[in-house]
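Peer 1: task: produce atomic coordinates for the following.
(one chain, ligands or ions: 1)
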Amino acid sequence: MFKAFLIKYAEIGIKGKNRYLFENALRDQIKFALKDVEGEFDVVKEQGRIYVEALSEFDFDETVDALKRVFGIASICPTMIVDSNEWDVITKSAGEFVKNVYGDQSLTFKVKAKRADKHYERTSPEICVDMGAHLVDQFPNLTVNVHDPDIYIYVEVRTRTYIYSHIIPGPGGMPVGTNGKAMLLLSGGIDSPVAGYMISKRGVRLEATYFHAPPYTSERAKQKVVDLAKLVARYAGPMKLHVVNFTDIQLYIYDQCPHDELTIIMRRYMMKIAEKLAEENNCLGLITGESIGQVASQTMQSLAATNDVCTMPVYRPVIGFDKQDIVDIAEKINTYETSIQPYEDCCTIFVAKHPVTKPSLKVIRKSELNLEEKIDSLLEEALNTVETILID
Ligand SMILES: Nc1ncnc2c1ncn2[C@@H]1O[C@H](COP(=O)(O)OP(=O)(O)OP(=O)(O)O)[C@@H](O)[C@H]1O
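Peer 2: Just a heads-up that it's a prediction; the model follows:
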């Protein structure tokens, strides 16, 4: 019976003159989310509403799951579409709707009505009263309760009429693409996929950068990051994943710098490279999965040292989260199982036994002077050999 979904917007309803940009972005994201769902769909923008209409047989649960991943959606209402706004047709359809959805259950109800055309033969309150009376006549088990009903029956009269009663919560947030683009430093861990998810929920499109160190890190470790990018893209939409070969830079740092400073210095070069890629790809910021105090490279001093090399804003959405908070989100968005697969990361391979936890910026900068001879050409080489994978 449900061949359509009425999509209610989250915050985007309040965006004034730019509203159409938000609606278009939402429509595009809905189309992207539905592309792997069995069935054919039309996504229609009509008088400040978006409807998803099924043009063929479709899987209801799969469709709702896909729509629940589209940021900007406040709620998803499975809707009966009546190809008419004539009163007799509407009341007959509302009867069929109630019979199909609620059978002969004893319930209290309230009708809520809207009409798009102010010249329609009944006002909204009249639609409520007349429809309520009609349903009570037809269904002896239904009673009106306008204060605390068991169910609401929504009737929206436009050129066609929409009847619905279930409101499934959407994810909220803003449609991806309405708030610029940022570069996510995506490792194979638990935190960075969650960080990407959180920023994209605010409407930011993502690109991602992954640093690997073959042959010290395997093809399988890289595949794990590709898999994670695909899982994040289910929410964030298509993205480019830039894979940077970091081996020679890491080996050079390992040869030239004190080993207790390796992680911090490596991290600084990761940020530099990610920032360069971000600039080249019109990104307005970097995103990492850092959280204060989680490891030696995430103390306040270490974060200050890492941040020192960037002029772009660095967004760290999980900065104040406990690990369990992050794990909870990773489980919700289905990245956790992939993140915990035991493949090596380049940072864990060249790690010191006792890394500095309170690095002094002065000392780190001085150690980096040891890299002067070759670092520029190594950075250039790393940037020239980036492999870009389209995740969609
Ligand atoms: N190999 C990598 N490629 C891309 N980004 C990385 C890589 N390693 C670390 N990062 C970035 O640096 C952040 C901190 O990394 P670190 O390994 O210290 O932390 P983590 O808490 O284990 O994070 P994650 O769980 O995201 O790996 C990561 O969240 C990620 O944004």
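Peer 1: could you find the closest non-adjacent residue to the residue in the stretch 251-392 of the chain positioned nearest to the ligand?
Peer 2: Nearest to the ligand in the stretch 251-392 of the chain, going by CB to the nearest ligand atom, is G289, at a distance of 2.7 Å. Bear in mind the C-beta positions are built from the backbone N, C-alpha and C, glycine included. Using CB to CB, 6 or more residues apart in numbering and skipping residues adjacent in sequence, the residue nearest G289 is D191, 2.9 Å away.
Peer 1: the one you found - how many residues pack around it?
Peer 2: Using other CB atoms under 10 Å, D191 has 25 neighbouring residues.
Peer 1: was I right to think A274 contacts G285?
Peer 2: No. Contact status for A274 versus G285: not in contact, 10.5 Å apart, counting by CB atoms under 8 Å.
Peer 1: can you tell me the SS state at the residue of the stretch 251-392 of the chain closest to the ligand?
Peer 2: Of the three states, G289 takes coil under DSSP: H, G, I helix; E, B strand; the rest coil.
Peer 1: that older thread, out of A274 and G285, which sits in the busier spot?
Peer 2: More neighbours surround A274 than the other of A274 and G285, with 28 against 18 (other CB under 10 Å).
Peer 1: surely the more buried one is in a helix?
Peer 2: Yes. The assignment for A274 is a helix, going by three-state DSSP.
Peer 1: once you drop chain neighbours, what's closest to it?
Peer 2: Using CB to CB, 6+ apart and skipping residues adjacent in sequence, the residue nearest A274 is T209, 4.7 Å away.
Peer 1: just the element for that neighbour, please.
Peer 2: Element membership of T209 [criterion: DSSP states H and E] is strand 205-212.
Peer 1: list the contacts of that strand.
Peer 2: Identification of contacts with strand 205-212 by CB atoms under 8 Å, 6 or more residues apart in numbering yields 176-177, 180-187, 196, 199-200, 221-222, 225, 229, 232, 236-237, 239-247, 270, 273-274, 277-278, 281, 283, 287, 346, 391.
Peer 1: what touches both of A274 and G285?
Peer 2: With CB under 8 Å, 6+ apart as the test, A274 and G285 both reach M183.
Peer 1: how close does the residue of the chain found nearest the ligand get to G132?
Peer 2: Closest residue of the chain to the ligand, CB to the nearest ligand atom: G189 (2.2 Å). Relative to G132, G189 is positioned 56 Å away (criterion: CB to CB, to the nearest Å).
Peer 1: how about Q138?
Peer 2: From Q138 to G132 the distance is 11 Å (CB to CB).
Peer 1: repeat that for T79.
Peer 2: Distance of T79 to G132, computed by CB to CB: 19 Å.
Peer 1: if I pick the residue sitting nearest the centre point of the chain, what's in contact with it?
Peer 2: Taking CA atoms, centre = their mean as the criterion, Y235 is the residue nearest the geometric centre of the chain, at 3.6 Å. Residues counted as contacts of Y235 (CB under 8 Å, 6+ apart) are 69, 71, 171, 176, 197, 200-201, 333.
Peer 1: farthest pair in those residues?
Peer 2: The span of the contacts of Y235, defined through CB to CB, is set by V176 and I333 at 14.2 Å.
Peer 1: if you count what's nearby, which of these two comes out ahead?
Peer 2: Remark: of V176 and I333, V176 carries more neighbours, 28 against 18, as counted by other CB under 10 Å.
Peer 1: ok, now which ones touch that one?
Peer 2: Counting by CB under 8 Å, 6+ apart, V176 makes contact with 25, 29, 71-72, 200, 203-205, 235-237.
Peer 1: ditto for E40
Peer 2: If you count contacts by CB under 8 Å, 6+ apart, E40 has them with 54-56, 58.
Peer 1: which of those tops the neighbour count?
Peer 2: Of the contacts of E40, with other CB under 10 Å as the count, A54 tops at 19 neighbours.
Peer 1: the nearest residue to it once chain neighbours are set aside - how many residues pack around it?
Peer 2: Nearest non-adjacent residue to A54, counting by CB to CB, 6+ apart: K3, 5.0 Å away. Using other CB under 10 Å, K3 has 15 neighbouring residues.
Peer 1: wait, K3 touches D83, no?
Peer 2: No. Counting by CB under 8 Å, K3 sits too far from D83 to count as a contact (11.0 Å).
Peer 1: for E11, give me the pLDDT.
Peer 2: E11 is assigned 61 on the pLDDT scale.
Peer 1: before we move on, the earlier item: as PDB, could you dump the C-alpha coordinates of the strand holding T209?
Peer 2: C-alpha atoms of strand 205-212 as PDB (Å, rounded to 0.1, in the frame of the first residue of the first chain):
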ATOM      1  CA  ARG A 205      31.400  16.700   1.800                       C
ATOM      2  CA  LEU A 206      34.400  14.600   2.500                       C
ATOM      3  CA  GLU A 207      37.600  13.600   0.800                       C
ATOM      4  CA  ALA A 208      40.000  11.300   2.500                       C
ATOM      5  CA  THR A 209      43.700  10.700   2.800                       C
ATOM      6  CA  TYR A 210      45.400   7.500   3.900                       C
ATOM      7  CA  PHE A 211      49.100   7.100   4.500                       C
ATOM      8  CA  HIS A 212      50.500   3.700   3.900                       C
END
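Peer 1: I'm done for today, thanks for sticking with me.
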